[in-house]
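Colleague: Below is the structure, and that's it, no one-letter string:
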């Protein structure tokens, strides 16, 4: 026993020395890359671009869950606005027919042997609840305090307008791409519908298209991503979480509330909900998160790099640290949130049946059946039944080993030189997943510098997009397309 007690501290010292030595070696091998300094076309007038984004916001392009209830006139008017404001793009690029409310463009390249690339954004926005509580009306043409305000200004008309501004600038500068570029703006991303990206993807499939890479909305250049990391982090989603909705049901004799036979169906369901939300699912360290931690560790101060580069020793510490932030915690595990519940329709009636819906976000590799099994284990009550209502496509992890990811990081460093580009796991869903069968390189990145406070405005009151971010986003797309031509020449 005494010999074992002596061995334990020695073993701890040895492990610590291994971790320290490994960190020093890995950081020493990671040398700063040389980034491009050649002159490229630049956006001419960011204020005019902001005015066009502000006008784009005035079109309340809301896709209704019941597609027949969608206001298609608004989408048509938005298309008219784009044609009027980007005449060179719509006259010089080929306009394709991939659904009546979608916008799909093709910019032919000079080398038809190269696989084309695909840029994505979406036209639709979420509804703006409680408009009287907004600082400015959510669908007004408002520029103030250096921001374009309104629903969709960030998600994702800011990105859509930046792409259009970049294309218009490049066409006006007589740019000739070597690779063919496709641009696709779907109409129903926010409801994960079948008329937008799903239809466009089916059209591309019918044309037997494959893409060198696909770039959609996603991670941003995040300020304060990890405390004590001095640089902003450009997080590039190389996969996204899937989601599954599980209906929880409890059936029990109801009656009048004056003579209850407790627990009621709703009370039993409440206990089940508490059990679901009171304990975190286990940590699953996916490939995108491992790549992210390693990339950041190579650039981080030594004391932060030590745990990031040695997950074999510090994984529990990383999990504990990430647990303090809901955003970071979601990178490491499945999450569950009960979002809907229903009992009786009157306060003095005990319902015979109570229902709730739990939304689970699943890390890559996790199936709906695995999620359902975890739900049943956690609830552990035969009086509550659980059934899968609906599920989304399961995302695959894209490759970062080819020139496509290098091109993306070069463009990011050119426009956001202080940032650290890194792979990342998207915790939300995007249109990008529809195009995964057509490319091994599907990336999710929004070229804008954001902090947590700004990100919380998305799908919330007072959504906004800064004029500076619009300028940088436009320059990013100009740079991406220009550098691609330069590299291939």
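Modeller: That came through fine. Computed from a predicted model, the values in this text were never measured in an experiment.

Colleague: drop to CA atoms for contacts and neighbour counts, all remaining ones
Modeller: Will do.

Colleague: Let me see the mean pLDDT of stretch 341-358.
Modeller: For stretch 341-358, mean pLDDT rounds to 94.

Colleague: again, but for stretch 94-113
Modeller: Per-residue pLDDT over stretch 94-113 has a mean of 97.

Colleague: Pull up the distance across that stretch, start to finish.
Modeller: Using Cα to Cα, to the nearest Å, the end-to-end distance of stretch 94-113 comes to 19 Å.

Colleague: repeat for stretch 184-194
Modeller: End-to-end for stretch 184-194, by Cα to Cα: 15 Å.

Colleague: Now do that stretch, average pLDDT.
Modeller: Computed over stretch 184-194, the average pLDDT equals 96.

Colleague: Use 34 as the first number for this chain going forward.
Modeller: OK, 34 is where the count begins now, so the last one is stretch 217-227.

Colleague: Can you point out the buried residues in it?
Modeller: 217-226 (16 or more other Cα atoms under 10 Å).

Colleague: Same question for stretch 261-281.
Modeller: 262, 264-281.

Colleague: among those residues, which are in strands?
Modeller: Cross-referencing these against strands under DSSP state E gives 266-273, 275-281.

Colleague: wait, which of these is closest to residue 462?
Modeller: Looking at those and their distance to residue 462, the nearest is residue 273, at 6.3 Å (Cα to Cα).

Colleague: That closest one and residue 465 touch, don't they?
Modeller: No: if you go by Cα atoms under 8 Å, residue 273 and residue 465 don't touch, sitting 9.0 Å apart.

Colleague: Which neighbours do these two have in common?
Modeller: Listed as contacting both residue 273 and residue 465 by Cα atoms under 8 Å, 6 or more residues apart in numbering is no residue at all.

Colleague: tell me the pLDDT at the nearest residue to residue 183 once chain neighbours are set aside?
Modeller: Nearest non-adjacent residue to residue 183, counting by Cα to Cα, 6 or more residues apart in numbering: residue 171, 4.3 Å away. You'll see residue 171 listed with a pLDDT of 97.

Colleague: what sits against residue 171?
Modeller: 161, 164, 182-184, 495 are the contacts of residue 171 under Cα under 8 Å, 6+ apart.

Colleague: So which of those residues is surrounded by the most neighbours?
Modeller: Using other Cα atoms under 10 Å as the neighbour test, the contacts of residue 171 are led by residue 184, with 31 neighbours.

Colleague: ok, the closest residue to that residue other than its chain neighbours to residue 159 distance?
Modeller: Excluding its sequence neighbours, the residue lying closest to residue 184 (Cα to Cα, 6+ apart) is residue 171, at 5.2 Å. Residue 171 sits 11 Å away from residue 159, going by Cα to Cα.

Colleague: list the residues that contact both of these two?
Modeller: Jointly contacting residue 171 and residue 159 under the rule Cα under 8 Å, 6+ apart are residue 184.

Colleague: What residues of whatever helix or strand residue 388 lives in count as buried?
Modeller: In the assignment (DSSP states H and E), residue 388 maps to strand 386-395. For strand 386-395, the neighbour count (16+ other Cα under 10 Å) marks 386-395 as buried.

Colleague: residues in contact with the residue nearest the centre of the chain?
Modeller: Centroid-nearest residue in the chain, with Cα atoms, centre = their mean: residue 251, separated by 3.4 Å. Contacts for residue 251 (Cα under 8 Å, 6+ apart) come out as 269-270, 459, 463, 476-479.

Colleague: now do 6 Å
Modeller: Neighbour list for residue 251: 477-479 [criterion: Cα atoms under 6 Å, 6 or more residues apart in numbering].

Colleague: now the residues you listed as a markdown table including neighbour count, secondary structure and pLDDT?
Modeller: Output for these, formatted as a markdown table (neighbours: other Cα atoms under 10 Å; DSSP: H, G, I helix; E, B strand; the rest coil; pLDDT from 0 to 100):
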| residue | neighbour count | secondary structure | pLDDT |
| --- | --- | --- | --- |
| 477 | 27 | strand | 98 |
| 478 | 23 | strand | 98 |
| 479 | 25 | strand | 98 |
